[in-house]
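K.L.:
sequence below, structure please.
(2 chains)
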Amino acid sequence: MAWAVFIVLAVLTIGGGVGVVVTRNVVHAALALLVSLIAVAGLYLVLFAEFLALVQVLIYGGAIIIVLLFAIMLTRNSEYPRITDNKQWPLAALAALAFLGILIPSFLINRVDDTNPQNASFTGIGESLFTTWAVPFEIASLVLLVALIGAIIIARSDEEES
Amino acid sequence: MVDLVWFQLLSAVLFVIGLYGVMARRSAVLIVMSIELMLNAVNINLIAAASHMEGMGKFSDFDGQLIAIFIITVAAAEVGLALAIILRMFRNRSTVNVDEINLMKW
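P.N.:
Numbering: from 1, shown residues only, chains lettered A, B, ... in the order given. Next up is the predicted model:
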């Protein structure tokens, strides 16, 4: 049962990812990315990481896709269909396949004896987040604040500055 | 149950697809999408390792999931900043083609 779910979700994840990098329509690419991200949330459920699946659907499926669609909408012009791939795409494919050729043998050689997936409880994640990981948590809030202020300053139109 | 190595192979394939997208695409928005694919591949790897190997060494069961949460946070900040930079780029040069943004290129 877990295998069947895993195979379906893996096909959706890879298919969505391929759709992002091959389609010529930018909006279709964003929708393919959405399929891939939701399938990854399903993979988290196969791994018994319910909290991460929830966060994935909310932040990736909700917020990030909306922001990307905003970026497409605000920069929409007639040049999109003809600027999809650059001339060096065969070289890029070769380099990517070479990297895959490094990754796959390294994963296969260093196989570890794994146990069955464990259920990490919500309370355990919360306790760990606010005790062991309290300082990175605060730094993450600062990173978000700085990023949002920076985004506002960069994207502000020139008329407002004078 | 599904072994850890299958999740690792899936994440390797997804990472390589994102890598190809970053290298071969010319639209800045599509490059940002490919970066999201790569970040997701890393997250799959982390969470699979976290849930398959509990209590390894000095790491607790939740550390892998918490690192993945921080990656998602940084990814959200990155997309927000990328949108701002793409908008500014589009306003100044009226293009999102990264091949034409060659002011600092030798």
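K.L.:
gap between stretch B:86-104 and the chain center?
P.N.:
22 Å (CA atoms, centre = their mean, to the nearest Å).
K.L.:
an error on my part: the question was meant for stretch A:143-154.
P.N.:
Worked out by CA atoms, centre = their mean, stretch A:143-154 lies 20 Å from the chain centre.
K.L.:
what about it and chain B, touching?
P.N.:
Yes - using CB under 8 Å from any CB of the partner chain, we find that stretch A:143-154 touches chain B at A:143-144, A:147-148, A:150-152, A:154. For the C-beta atoms, the positions are set from N, CA and C on the backbone; glycine is no exception.
K.L.:
tell me the one of those residues nearest residue B:18?
P.N.:
residue A:147 (21.1 Å; CB to CB).
K.L.:
once you drop chain neighbours, what's closest to residue 100?
P.N.:
I'll assume chain A. Once flanking residues are discounted, residue A:100 sits nearest to residue B:16: 4.4 Å by CB to CB, 6 or more residues apart in numbering or on different chains.
K.L.:
that was the other one, I meant chain B.
P.N.:
Residue B:100 sits nearest to residue B:93 (CB to CB, 6+ apart), 6.7 Å away.
K.L.:
run a quick neighbour tally on the one you found.
P.N.:
Applying other CB atoms under 10 Å in any protein chain shown, we find 12 residues neighbouring residue B:93.
K.L.:
got the domain ranges for chain A?
P.N.:
Listed domain ranges for chain A are A:1-78, A:120-157 (source: automatic domain parsing).
K.L.:
the residue nearest to residue B:100 contacts residue B:87, correct?
P.N.:
No - with contact defined as CB atoms under 8 Å, residue B:93 does not count as touching residue B:87 (11.6 Å).
K.L.:
in chain B, where's the longest helix?
P.N.:
What stands out as the longest helix in chain B, according to DSSP state H, is helix B:63-93.
K.L.:
turn the buried ones among the residues of stretch A:143-154 next to chain B into a named PyMOL selection, would you?
P.N.:
Selection of buried members from the residues of stretch A:143-154 next to chain B for PyMOL, criterion 16 or more other CB atoms under 10 Å in any protein chain shown:
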select buried, chain A and resi 143+147+151
